[in-house]
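Asker: test case, fold it:
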Amino acid sequence: MKKVFTILLLLIVACGGSSEDTTTTSIEDTTTTTIPPVPKVDFDIIDIYNSKLRTELCKDSPNSSKVNIDIETASESCLKQYRDNLETVFSYAENLETYITELNTYLESYPSAMTEEYTTLFQFVNDDYQAVPETYGIVANKYLERFGGEPELLNLDILNKDELGVGCKAELEYSLTENTKKAEIIFENNVGEEIKLNLSNNTENFRSFSMVNSGGLFTVKSAIFSNYLGETYSKNIDSEFYVKFKHIKITKIYFDKEKVSPGESFKVYFEWENPENLTFFTNDKLYDSNILITLKGPDLYPVGQGVAFSDNLYQQSTAGYWDMDKKYGYVEFHLDAIRENATSGQQDGGRRNWIIGPEAEYFLETISLTMTEHLNDYSFQTYYLGYDIRPDDDFEYVFGNISICDIYFERININIPQESIKFEK
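Answerer: Sure, this is the predicted structure:
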């Protein structure tokens with residue numbers, strides 16, 4: 001823009017007298033005024049909006065449209081993405097407000113700088129972006145409502161419960177409330193064996209798993225549920241199932257005292273559980289029952305054994321006792337002497353178990369159970385099962401296939417605490 005200034009120049013010339021001359025001159029100003037640059041930001045809010053709330057957004061609900069999510073039926077992952085993307089778009093609000101304010105001020109001063117791009121931006125802010133904060137609040141609250149709070153187990157059913165046995169496959173069906181991200185349910189039987197179920201809504205609600213255990217009644221030991229907010233809940237769940245077994249199952253074993261001296265006796269108590277078709281230490285004349293227990297001493301070497309038995313004439317060994325109704329009994333040992341060379345034996349036809357060993361701490365080593373069925377005078381059938389007791393405080397089955405179904409196994413750890421007795425002078 002050029003400005004023209006008129007300058008009045010008065011020239012006073014004195015030459016031998018006085019005279020006066022007046023002249024008027026016009027001068028054109030060529031100074032240029034520059035318009036300041038338009039305010040700018042380092043993000044394109046329209047592109048971010050369309051990307052986060054249009055292109056990228058999942059729409060797995062049948063009631064969702066190309067531009068809208070049905071927040072009542074959308075999956076957890078889809079609703080979470082919608083919430084997070086709204087939060088991302090909303091996070092530009094403060095910087096966007098500053099930019100719009102600066103842009104408005106600028107365009108008021110330089111209205112000729114208004115373009116279609118700015119018109120579109122203002123319209124987008126007034127129509128679309130203005131709704132983002134409220135929508136974000138609605139979606140965030142809906143996510144909390146649907147996927148927060150305490151999860152629940154709606155159903156847990158073993159479909160083949162009546163046929164379930166050791167070595168068989170259990171067919172499980174379950175359902176959870178939609179706010180359950182994961183659930184861990186642990187079942188335990190009376191010898192500490194556990195069956196752990198890890199359930200979630202992200203997997204099929206039907207599965208199978210093998211009964212690799214010694215069987216018996218399994219009840220819920222613990223149940224921990226987590227929602228999608230990372231909150232955990234300990235639940236009380238009333239559920240149980242029974243796993244059939246075909247072997248005599250030892251459920252508990254312990255000494256009757258902590259220490260023993262020469263000339264004294266001590267007892268090893270045991271408790272058991274019968275299978276459906278067999279009764280240990282039965283009074284039935286067709287069966288003989290026998291239990292053998294061995295001990296291990298210093299350096300875990302075998303040092304002695306004791307036996308209790310019955311025969312088909314109901315004769316009960318004085319070296320042991322059992323109650324077939326209460327399912328418990330004991331094998332009695334007599335410590336004859338303290339000596340470095342360990343040995344043991346039976347007297348009176350097996351009615352007295354004696355043991356000699358060094359002064360030391362002694363543990364249980366093995367338990368062997370035998371039942372013999374007398375089919376006739378010349379034939380019989382023997383049911384035999386042995387337990388190996390490990391130093392790591394667990395029993396372990398070691399003899400015979402105990403599976404009822406197709407899965408073969410003969411080695412299972414069961415958590416019965418190991419005890420000890422001390423031989424001392």
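Asker: so, low pLDDT: which residues of the chain?
Answerer: Filtered on pLDDT under 70, the chain yields the residue ranges 1-33, 61-67, 300-306, 309-318, 375-400, 410-411, 415, 417.
Asker: so which residue is dead centre in it?
Answerer: The central residue of the chain, meaning the one whose C-alpha is nearest the mean C-alpha position (C-alpha atoms, centre = their mean), is Glu184 at 4.9 Å.
Asker: any idea how far that residue lies from Ala223?
Answerer: Between Glu184 and Ala223 the computed distance is 7 Å (C-beta to C-beta, to the nearest Å). Glycine gets a C-beta too; all of them are placed from N, C-alpha and C.
Asker: helices of the stretch 1-150 of the chain, start to end?
Answerer: Assigned by DSSP state H, counting those that start in this stretch, the stretch 1-150 of the chain shows helices spanning 45-50, 76-90, 93-109, 116-127, 132-147.
Asker: report all helices and strands that whichever helix or strand comes after the last one contacts.
Answerer: Think helix 132-147. Once helix 132-147 ends, the next helix or strand along the chain (criterion: DSSP states H and E) is strand 153-158. Contacts defined by 3 or more C-beta pairs under 8 Å, 6 or more residues apart in numbering; DSSP states H and E place strand 153-158 against strand 169-176, strand 180-188.
Asker: each with direction, which strands does strand 153-158 pair with?
Answerer: Looking at strand 153-158 with DSSP bridges, its paired strands and their directions are strand 169-176 (antiparallel).
Asker: now the partner strand against strand 180-188, angle please.
Answerer: Put simply, strand 169-176 runs at 140 degrees to strand 180-188, going by axes from the mean of the first three to the mean of the last three C-alpha atoms, to 10 degrees.
Asker: can you list contacts of strand 169-176?
Answerer: Residues external to strand 169-176 that are found in contact with it (C-beta atoms under 8 Å, 6 or more residues apart in numbering): 151-160, 164, 183, 197, 199-201, 205-211, 241, 405, 407.
Asker: how far does that strand sit from the chain's center?
Answerer: Between the centre of strand 169-176 and the centre of its host chain there is 17 Å, according to C-alpha atoms, centre = their mean, to the nearest Å.
Asker: may I see the buried residues of that strand?
Answerer: The neighbour-count criterion (16 or more other C-beta atoms under 10 Å) identifies 170-172, 174, 176 as the buried residues of strand 169-176.
Asker: measure the closest residue to Gln81 other than its chain neighbours to Leu79 for me?
Answerer: Nearest residue to Gln81, sequence neighbours excluded (C-beta to C-beta, 6 or more residues apart in numbering): Cys58, at 5.8 Å. In this structure, Cys58 and Leu79 are separated by 9 Å, where distance is defined by C-beta to C-beta.
Asker: Leu369 too?
Answerer: In this view, Leu369 and Leu79 are 58 Å apart by C-beta to C-beta.
Asker: more crowded one of the two?
Answerer: The residue with more neighbours, out of Leu369 and Leu79, is Leu79; 25 against 22, by other C-beta atoms under 10 Å.
Asker: for the closest residue in space to the more buried one that isn't next to it in sequence, what are its contacts?
Answerer: Ranked by C-beta to C-beta, 6+ apart and with sequence neighbours excluded, the top spatial neighbour of Leu79 is Tyr143, at 5.4 Å. Tyr143 makes contact with 79-80, 83, according to C-beta under 8 Å, 6+ apart.
Asker: between the residues you listed, which is closest to Glu117?
Answerer: Minimum separation from Glu117 among those (C-beta to C-beta) is found for Arg83, which lies at 30.5 Å.
Asker: helices or strands next to the strand or helix carrying Ile367 in the packing?
Answerer: Ile367 is part of strand 360-376 when elements are defined by DSSP H and E. Contacts defined by 3+ C-beta pairs under 8 Å, 6+ apart place strand 360-376 against strand 249-255, strand 265-273, strand 287-296, strand 379-389, strand 420-423.
Asker: try 7 Å this time
Answerer: Counting contacts by 3 or more C-beta pairs under 7 Å, 6 or more residues apart in numbering; DSSP states H and E, strand 360-376 packs against strand 249-255, strand 287-296, strand 379-389, strand 420-423.
Asker: how about TSV for the helices and strands packed on strand 153-158, with distance to Leu292 added?
Answerer: TSV is the format used below for the helices and strands packed on strand 153-158 (distance: least, C-beta to C-beta, whole Å):
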stretch	distance to Leu292
strand 169-176	34
strand 180-188	29
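Asker: those strands: which one's closest to Ala131?
Answerer: Among the helices and strands packed on strand 153-158, strand 180-188 sits nearest to Ala131 (C-beta to C-beta), with 30.4 Å.
Asker: much appreciated, bye for now.
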